[in-house]
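>>> got a predicted structure here, sequence first:
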Amino acid sequence: MIRILLLDDHAVVRTGYRRLLDAECGFEVVAEAATADEACACVARGGIDVAVADLSLRGCSGIEAIRRMLARAPALRVLVLSMHDHAGYVTQAMRAGALGYLTKSSEPTELFDAIRAVAAGRRIFSADILEVLARSSLDGEQALARLTPREFEVLRLAVSGDSSADIANSMHLSPKTVHNHLSAIRSKLDADNDFKLIREAVRLGLIAFPTHGA
């Protein structure tokens, strides 16, 4: 029996996946979480084999949640199930310790196979993610790969409008550490001011400018 934690900040989504997974032979959803803190608390109690994690969470993203969960339970296997299909997210999720990455457009059978694969310690990607990674490699797009998972999270929060104090609070860091991360990020992305940093984040698919009339 593979014991599963569902990490997603939408209760309706978790309910749907719970019903789907509990109906599949060999799976049991034993815990649910909406935030990184809740997920870490579940993992600390033990009894979880695989965490199926979204990356869009309230506060810290799933990437930071992955890092923190694995710090508490190194034997845990993590499968990302996300709407994000940009190579930068995939790279950072794997660096944080995830073993697999699927998009939410994946079929249920793909999800079942992926859970079994990561539970056995194997890497797995959905077909659309493999295409994204191949295209990124061919295009030479490696900018976000220069960042550490923690730097990536700081950047994500900063370009989303969070202040340094907010970032420090949500990531359990000191304001000075956040400032140092931002300095390192600007250097690695060759962005010496906030406008260039935001423009680079848009170019890399980390954020999108709203369209008129949206």
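Structure's in. What do you need?
>>> now the strands for the chain?
Taking DSSP state E to define them, one finds strands in the chain at 2-7, 27-33, 50-53, 77-82, 100-103, 124-125.
>>> and those as a markdown table, adding distance to R14?
All C-beta atoms are positioned from the backbone trio N, CA, C, and that covers glycine. As requested, the strands of the chain are exported to a markdown table (distance: least, C-beta to C-beta, whole Å):
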| stretch | distance to R14 |
| --- | --- |
| strand 2-7 | 5 |
| strand 27-33 | 5 |
| strand 50-53 | 10 |
| strand 77-82 | 11 |
| strand 100-103 | 16 |
| strand 124-125 | 22 |
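>>> can you list those in CSV and add mean neighbour count and distance to E200?
CSV is the format used below for the strands of the chain (neighbours: other C-beta atoms under 10 Å; distance: least, C-beta to C-beta, whole Å):
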stretch, mean neighbour count, distance to E200
strand 2-7, 23, 29
strand 27-33, 18, 32
strand 50-53, 26, 26
strand 77-82, 25, 22
strand 100-103, 24, 23
strand 124-125, 18, 25
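>>> which regions of this protein sit below the pLDDT cut-off?
136-144, 203-214 (pLDDT under 70).
>>> residue ranges of each domain in the chain, please.
Split into domains by automatic domain parsing, the chain comes to 2-139, 144-203.
>>> gap between the longest one and the chain center?
So the one you mean is domain 2-139. Using C-alpha atoms, centre = their mean, to the nearest Å, the mean C-alpha position of domain 2-139 is found 8 Å from that of the whole chain.
>>> can you start the count at 436 instead of 1 from here on
Sounds good: first residue 436 from here, last item domain 437-574.
>>> ok, which of the strands of the chain comes nearest T526?
Nearest of the strands of the chain to T526, taken as C-beta to C-beta: strand 535-538 at 9.7 Å.
>>> just the CA atoms of the closest one, as CSV, please.
Provided in CSV are the C-alpha atoms of strand 535-538 (Å, rounded to 0.1, in the frame of the first residue of the first chain):
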residue,chain,number,x,y,z
GLY,A,535,8.5,13.4,-10.8
TYR,A,536,6.6,16.2,-12.5
LEU,A,537,3.2,16.0,-14.1
THR,A,538,0.9,18.8,-15.4
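>>> check which helices and strands it is in contact with.
On a contact count with 3 or more C-beta pairs under 8 Å, 6 or more residues apart in numbering; DSSP states H and E, strand 535-538 meets strand 512-517, helix 522-531, helix 543-554, strand 559-560, helix 562-574.
>>> I'd like those as CSV, with distance to S618 appended.
Output for the helices and strands packed on strand 535-538, formatted as CSV (distance: least, C-beta to C-beta, whole Å):
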stretch, distance to S618
strand 512-517, 29
helix 522-531, 19
helix 543-554, 35
strand 559-560, 33
helix 562-574, 26
